[in-house]
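In: Quick one, structure for this:
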Amino acid sequence: GASCIGAEAPELISEISLAMQHGLTVHDVATTIHSHPTISEMVLEGMEDVYGMAIHKKGRPIHLNE
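Out: Numbers count the residues shown, from 1 in each chain. Model prediction:
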């Protein structure tokens, strides 16, 4: 399940509920192309964070030689 609170909650919860309804995995959502810039990218970032791939995360180490 999922819960969202705030002005942008409908945009966030709709993507999560769609993923749940279709049995998508975290990997499925993390590898889906998301439009930019949108609030729903937060869902993508959350899924990418599971794999240590989130790039817009507070406290993320900076690697200057990437």
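
In: shaky segments in this protein?
Out: 60-66 (pLDDT under 70).

In: State which helix of it is the longest.
Out: If you go by DSSP state H, the chain has its longest helix at helix 9-21.

In: can you give me the offset of that helix from its chain's centre?
Out: Centre-to-centre, helix 9-21 and its host chain are 11 Å apart (CA atoms, centre = their mean, to the nearest Å).

In: Also stretch 42-49?
Out: Distance, stretch centre to chain centre, for stretch 42-49: 3 Å (CA atoms, centre = their mean).

In: Now the element after the longest helix of the chain, going C-ward?
Out: helix 26-30 (DSSP states H and E).

In: Residue 6 versus residue 29, what's the distance?
Out: In this view, residue 29 and residue 6 are 20 Å apart by CB to CB, to the nearest Å. Every residue, glycine included, has its C-beta placed from N, CA and C.

In: quick one, which of those two is more surrounded?
Out: Remark: of residue 29 and residue 6, residue 29 carries more neighbours, 19 against 8, as counted by other CB atoms under 10 Å.

In: Quick check: which element contains the spatially closest residue to that one that is not a sequence neighbour?
Out: Distances taken as CB to CB, 6 or more residues apart in numbering put residue 47 closest to residue 29, at 4.5 Å, once the chain neighbours are dropped. Using DSSP H and E, the element containing residue 47 is helix 41-50.

In: before we move on, the earlier item: pull the contacting residues for the residue nearest to residue 29.
Out: By CB atoms under 8 Å, 6 or more residues apart in numbering, the contact list for residue 47 reads 26, 27, 29, 30.

In: What angle do helix 41-50 and the longest helix of the chain make with each other?
Out: If you take axes from the mean of the first three to the mean of the last three CA atoms, to 10 degrees, helix 9-21 sits at 50 degrees to helix 41-50.

In: Pull out the buried positions in helix 9-21.
Out: In terms of neighbour count (16 or more other CB atoms under 10 Å), helix 9-21 has its buried residues at 12, 15, 16, 19.
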